[in-house]
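Participant: Below: sequence and its predicted model.
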Amino acid sequence: QIIGLGDSPNDLPLLINSNYKIVIAGIKGPNRLLLNELRGYEFCISKKPNGFGWKEEVSKLVNKLLNI
């Protein structure tokens with residue numbers, strides 16, 4: 001299983017090839033160009049920005065996968 005986290009269009013190949021696609025928002029929200037490129041794919045967007053969003057989303061996913 002691959003967890004892909006990205007915040008800009010250069011992360012698109014990683015996200016497309018991941019089982020779990022997570023867009024990490026910035027201070028002003030998620031990158032709109034990245035969201036446009038991911039149209040048609042299932043993905044989630046972090047509620048918190050940058051590293052805080054990364055930490056929260058990875059923790060939630062790991063807990064979900066481990067049934068905690």
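Facilitator: Perfect, thanks for sending it.
Participant: contacts for the helix or strand of the chain with the lowest mean pLDDT?
Facilitator: Sorting the helices and strands of the chain by mean pLDDT, DSSP states H and E puts helix 50-65 at the bottom, at a mean of 95. For helix 50-65, the surrounding residues in contact (C-beta atoms under 8 Å, 6 or more residues apart in numbering) are 1, 3, 5, 7, 20, 22, 24-27, 44, 46-48, 68. For every residue, glycine as well, the C-beta is placed using N, CA and C.
Participant: Could you measure from Leu34 over to Ala25?
Facilitator: 10 Å (C-beta to C-beta, to the nearest Å).
Participant: what residues do those two have in common as contacts?
Facilitator: The contact sets of Leu34 and Ala25 overlap at Asp7 (C-beta under 8 Å, 6+ apart).
Participant: Nearest to Leu14, out of the contacts of helix 50-65: which one, please.
Facilitator: Leu5 (8.1 Å; C-beta to C-beta).
Participant: beta partners of the spatially most central residue of the chain?
Facilitator: By C-alpha atoms, centre = their mean, the chain has its centre lying nearest to Ile22, at 1.3 Å. With DSSP bridges as the criterion, Ile22 is bridged to Leu5, Cys44.
Participant: check contacts around the residue nearest to Ile27 when sequence neighbours are not counted.
Facilitator: Closest residue to Ile27 apart from its sequence neighbours, by C-beta to C-beta, 6 or more residues apart in numbering: Pro49 at 5.0 Å. Shown in contact with Pro49 (C-beta under 8 Å, 6+ apart): Ile24, Ala25, Gly26, Ile27.
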